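Trainee: Provided below for reference: sequence and predicted model.
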Amino acid sequence: MKFRTTFAMAFACAFAVSAPKAGAEQFINVLAGGTSGVYYPLGVALSDIYGKGIAGSRTQVQATKASVENLNLIQQGKGEIAFTLGDALAMAWEGNTEAGFKAPLAKLRVVAAIYPNYVQIAALKEAGINTIADMKGKTLSVGAAKSGTELNARAILGAASLGYGDLGKVEYLPFAESVELMKNRQLQATLQSSGLGNAAIKDLASSQEISIVSIPDDMAKALGVPYIPAKIPAGTYKGQDSDVATVAVGNYLVTSADVPEEVVYQMTKLIFDNLATLKAAHSAGAGISLDEAAKNPPVPLHPGAERYYREQGKL
């Protein structure tokens, strides 16, 4: 009996040593945005990069309402890396309740500043909307409620002394759904905050005559940080024959303070080891630069990201 007990204990110890540890697998949930935006294809690419590049990892990409939802999910431990607009990130850190944050999201940490988002307002040409002032009395989709895009819409209309009450109707819809309503003449304009070459606006321009609405430089200056004057180059969309003034705001990849340092180090390194893959996933990926990635983050860098940037001489 003693022999059997000793043998059983020895076998159990040997199995424990040789068996994989239950907690060894690292799950990485990439929080992106709507499937017709820029975050999603880049998120799919990141998920694939991490799945191949981080040993023992299991990855997935999750379609969301983007910035505000992503930041709340990161705080709740329901994602390991997420895309967000810089203004939403700053508001989350402060706990801006009007923006959709019930309290300061203290666990947020920056992985990298990535590409700028361009505020792009596309209107049916027949609606006669060429400037923000022309939006008065017109119908507009402003993105999902309390998304980063909708926060942009509130700020931009406010800079023109307009509110939602001045519009004919406001719809809170993702990019692709907004475009479908415009095709059916149920909506006159859509405000979309994304990288250039937005798939939904390209789709709209392929079947309808559209105008890209100007946001002039003086309005950009009135908006202030984090908005900067920008241009949508001629030819970005079918029928757009000249540059159009607009504003841009930076995008970030963020994580939680609870994600292990080594995991975030690997996630950060793999971004910059695979820039060609991210550019192939969407042209906005071309705007990701190691030189700019760690500059003036609105919330602290994660120690894993900080270690990588120090190694690269960028801090």
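Mentor: In hand now; what should we look at? Numbering: from 1, shown residues only.

Trainee: contacts and neighbour counts: CA atoms only from here.
Mentor: Noted.

Trainee: per-residue confidence at residue 196?
Mentor: We have a pLDDT of 88 for residue 196.

Trainee: actually residue 3, not the one I typed
Mentor: 42.

Trainee: tell me the domain ranges of this structure?
Mentor: Using the TED database, the domain parsing of the chain gives 26-114+249-310, 115-247.

Trainee: now render the ones you listed as CSV, adding mean neighbour count.
Mentor: Below are the domains of the chain laid out as CSV (neighbours: other CA atoms under 10 Å):
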stretch, mean neighbour count
domain 26-114+249-310, 20
domain 115-247, 20
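
Trainee: strands of the stretch 1-150 of the chain, start to end?
Mentor: Along the stretch 1-150 of the chain, the segments classed as strands by DSSP state E, counting those that start in this stretch run 26-31, 57-62, 81-85, 108-124, 139-141.

Trainee: of the ones you listed, which approaches residue 247 most closely?
Mentor: strand 108-124 (5.8 Å; CA to CA).

Trainee: C-alpha coordinates for that closest one, PDB please?
Mentor: Coordinates of each C-alpha in strand 108-124 appear next as PDB, following Å, rounded to 0.1, in the frame of the first residue of the first chain:
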ATOM      1  CA  LEU A 108      -5.600  53.000 -19.000                       C
ATOM      2  CA  ARG A 109      -2.000  53.000 -20.400                       C
ATOM      3  CA  VAL A 110      -0.700  54.000 -23.800                       C
ATOM      4  CA  VAL A 111       0.900  51.500 -26.100                       C
ATOM      5  CA  ALA A 112       1.500  53.800 -29.100                       C
ATOM      6  CA  ALA A 113       0.300  56.900 -30.800                       C
ATOM      7  CA  ILE A 114      -0.600  55.700 -34.300                       C
ATOM      8  CA  TYR A 115      -2.100  57.500 -37.300                       C
ATOM      9  CA  PRO A 116      -4.200  60.700 -37.300                       C
ATOM     10  CA  ASN A 117      -8.000  60.500 -37.800                       C
ATOM     11  CA  TYR A 118      -9.400  62.900 -40.300                       C
ATOM     12  CA  VAL A 119     -12.900  64.300 -39.700                       C
ATOM     13  CA  GLN A 120     -14.600  63.600 -43.000                       C
ATOM     14  CA  ILE A 121     -18.100  65.000 -43.700                       C
ATOM     15  CA  ALA A 122     -19.700  63.600 -46.900                       C
ATOM     16  CA  ALA A 123     -23.000  65.100 -48.100                       C
ATOM     17  CA  LEU A 124     -25.200  64.300 -51.100                       C
END
